[in-house]
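K.L.:
just the structure for this:
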Amino acid sequence: MEGIGQLVARRAASPDGGIAAPGRLSRRLKPVPAWHAGQQNPAAVPSPAALSPRAALSPAHELDQAVAAMDALRSTALADARVLAFPEAADFAGKVEEISRTVEFLQLVAAQAVERTRREAQAAWQASPAPGWRTGWTEPTAADTAAAPVAGAADAVDDGYRNAAEFLRARLRISIGEARRRLVLASGVLPQTGIAGQDVPARHELLAEALSTAAVPSRSATIISMALDQVRHIADADTAHQMEHSLTRTAVESDPDFVSRMAKRWVDAIDQDGSEPGEEELRHRQGAFIRKPRRGLHHLEIFATAEQFETLATAMNTAANPRLQPNAAGTGTGTGTGPATGPDLDRRSRAQKLLDGLTGACAVALATGELPANGGLRPQLMVTIDYRDLLEHLDHLGRETPAGPRLSSGASTFQGPLHPAVIRKIACDADIIPVLLGSDSRVLDIGRTTRIFPPHIRKAIIARDQGCAFPDCTIPAPWCEAHHITYWSHGGTTGTDNGTLLCSHHHHVIHKEHWTITLDTGTAWFKPPPHVDPRQTPRRNHHFRPTRT
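P.N.:
As a prediction, this is how the structure comes out:
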């Protein structure tokens, strides 16, 4: 598994980091040095004696120079940017973002320095002899002179702010929430000083490495740090390391919004609503409740178990699938909202589509005339799970054995992570179609005998991809189309080794032929066009199949 340092190094393999700003902007926007694996961490500053005379300047002087350079850039950037073509503007935006991330890291360093020096000054002040109260009209005494070295400490104590966060809010004119965010994040990703003065490494070392090289934005780092702290007391060390590695890699490749979704997915997988409620509690709380009608509409409220919800969601989403189109007559697929206004326009909301899907499924069941007197048809839905996770909690007699909190590979189409116990309950009363995924996830291939993916191969691809394979997409498998990676018209075969799931939008994107796809051991990798990523670093979808070490 590729490490974070290697990934950062690969993204910055070109001499200028892969981004070349045009004209005067290129001369001002110098590349941010990347930390390659095996090199010294840039957070460890070498001694002044090892630096050149220019580099040995004080931090304050260097910051003054940097501010002056940024002021000069700011004064001409607007005029310069107006003459840029789109590729140059995209490169300019990328380089500015690198500068921004470097500044975000410096903000954390500065916040930690303020908190540390403020705490040390207060401790020094409390340890010094208390000076006598003076009116200001008398000459200083010998005791006052002896207390002069802690004058700075007195300033820290008497500045009127109760803590470092309040001081930063006033000094920097930022919100108290932002001040606290910087301090909390700094405590997790920056080295600390122990009680005895020893160096204490960062609590989240992988995240700290990526953040110190400007590979990860500060907001993404906060999301990851909070998620790791949330599962700190319930996840074992190996699972926590996998989570940190996967989320940090996702943050290097994706935006904070997607990182937030992936962090929630990891937390849900590790701690699925705390300890699993007992059967008696579930039986007591579940049910479909018919409320009083309002304004001509009946009100139903449903509290369902995980397997019941998956069955309902499977039925409801038959009408919410965006690939479905109204029929030729121009009417909708359900009966709840009346006719649509035309064959290409569906004005139903998602909630209305879900209701139509549910009532439509019930109507089909009634039309068969085969509903049993008690109970109903067995659920027909798809869940996937590693066979080791399915069997791991069972002993040789088939009895369930206790296990501590851990990451489960079980997942359902619409609900996401599922506990193995839930999947076993579904399997007890379901038509099971086993799909064996080998180590390389290669399942089936029927060559070029047909261009359309037949149902059994599509099911195999669904079991492998679980949804749209395009990076950061979260569209589930039932809404996706099977795509030939090498076009069938170009000699491509119809099989799992040449097929992947794409939602309708990303299917159109791929057919514009700016992105290219390769399949590596069952995982689809997408190489972006240069205007999206000048380095054209291959990406993958981490939503349905999170990266594991």
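K.L.:
C-alpha only now, for contacts and for neighbours.
P.N.:
Noted.
K.L.:
how about stretch 193-213: buried residues?
P.N.:
Using 16 or more other Cα atoms under 10 Å as the test for burial, stretch 193-213 gives 202, 203, 204, 205, 206, 207, 208, 209, 210, 211, 212, 213.
K.L.:
tell me which residues touch the third one, please.
P.N.:
If you count contacts by Cα atoms under 8 Å, 6 or more residues apart in numbering, residue 204 has them with 188, 189, 225, 244.
K.L.:
distance to residue 511, secondary structure and neighbour count for the residues you listed - can I get that in a markdown table?
P.N.:
Formatted as a markdown table, those follow (distance: Cα to Cα, whole Å; DSSP: H, G, I helix; E, B strand; the rest coil; neighbours: other Cα atoms under 10 Å):
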| residue | distance to residue 511 | secondary structure | neighbour count |
| --- | --- | --- | --- |
| 188 | 44 | helix | 22 |
| 189 | 42 | helix | 26 |
| 225 | 38 | helix | 25 |
| 244 | 35 | helix | 24 |
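K.L.:
can you put those in TSV and add pLDDT?
P.N.:
TSV is the format used below for the contacts of residue 204 (pLDDT from 0 to 100):
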residue	pLDDT
188	93
189	94
225	95
244	95
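K.L.:
so residue 315 is in which element?
P.N.:
If you go by DSSP states H and E, residue 315 is part of helix 306-320.
K.L.:
how about residue 502?
P.N.:
Going by DSSP H and E, residue 502 is part of strand 499-503.
K.L.:
tell me which strands that strand pairs with, and in which orientation.
P.N.:
Sheet pairing for strand 499-503, assigned by DSSP bridges, gives strand 480-484 (antiparallel).
K.L.:
list the contacts of stretch 247-261.
P.N.:
So stretch 247-261 is contacted by 4, 7-8, 206-207, 210, 215-217, 219-221, 223-224, 262-263, 472, 539, 542 (Cα under 8 Å, 6+ apart).
K.L.:
next, count neighbours for residue 168.
P.N.:
By other Cα atoms under 10 Å, 23 other residues sit near residue 168.
K.L.:
scratch that, residue 355 is what I was asking about
P.N.:
Neighbour count for residue 355, taken as other Cα under 10 Å: 21.
K.L.:
confirm residue 289 sits in a helix?
P.N.:
No. Residue 289 is assigned strand when assessed by DSSP: H, G, I helix; E, B strand; the rest coil, not a helix.
K.L.:
who are the packing partners of the top helix by length along the chain?
P.N.:
When the chain is parsed with DSSP state H, its longest helix is helix 86-127. Other helices and strands packing on helix 86-127, by 3 or more Cα pairs under 8 Å, 6 or more residues apart in numbering; DSSP states H and E, are helix 151-157, helix 164-172, helix 176-189, helix 205-212, helix 218-230.
K.L.:
dump these into CSV; add distance to residue 418 as well.
P.N.:
Below are the helices and strands packed on helix 86-127 laid out as CSV (distance: least, Cα to Cα, whole Å):
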stretch, distance to residue 418
helix 151-157, 52
helix 164-172, 40
helix 176-189, 30
helix 205-212, 28
helix 218-230, 19
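K.L.:
among those, which gets the worst mean confidence?
P.N.:
Lowest mean pLDDT within those: helix 151-157, at a mean of 57.
K.L.:
what's near enough to touch the closest residue to residue 174 other than its chain neighbours?
P.N.:
Spatial nearest neighbour of residue 174, excluding adjacent residues (Cα to Cα, 6 or more residues apart in numbering): residue 168 at 7.3 Å. By Cα under 8 Å, 6+ apart, the contact list for residue 168 reads 111, 174, 176, 179.
K.L.:
low-scoring pLDDT stretches of the protein, where are they?
P.N.:
1-57, 128-159, 272-277, 321-346, 366-382, 387-409, 413-416, 421, 424-450, 547-549 (pLDDT under 70).
K.L.:
do you have the strands of it handy? List them.
P.N.:
Taking DSSP state E as the test, the strands found in the chain are 192-193, 199-200, 287-294, 297-303, 383-384, 411-412, 416-417, 480-484, 499-503, 516-520, 523-527.
K.L.:
ok, which of the ones you listed comes nearest residue 74?
P.N.:
Nearest to residue 74 among the strands of the chain is strand 523-527 (33.5 Å), distances taken as Cα to Cα.
K.L.:
same for the closest one, what does it pack against?
P.N.:
In terms of contacts (3+ Cα pairs under 8 Å, 6+ apart), strand 523-527 is packed against strand 516-520.
K.L.:
flag every buried residue along the strand it packs on.
P.N.:
Across strand 516-520, burial judged by 16+ other Cα under 10 Å covers 516, 517, 518.
K.L.:
ok, the second one to residue 469 distance?
P.N.:
Yep, that's residue 517 we're talking about. Note on residue 517: its distance to residue 469, by Cα to Cα, to the nearest Å, is 10 Å.
K.L.:
repeat for the last one
P.N.:
Applying Cα to Cα, the value for residue 518 to residue 469 is 11 Å.
K.L.:
what touches both of these two?
P.N.:
The contact sets of residue 518 and residue 469 overlap at residue 524 (Cα under 8 Å, 6+ apart).
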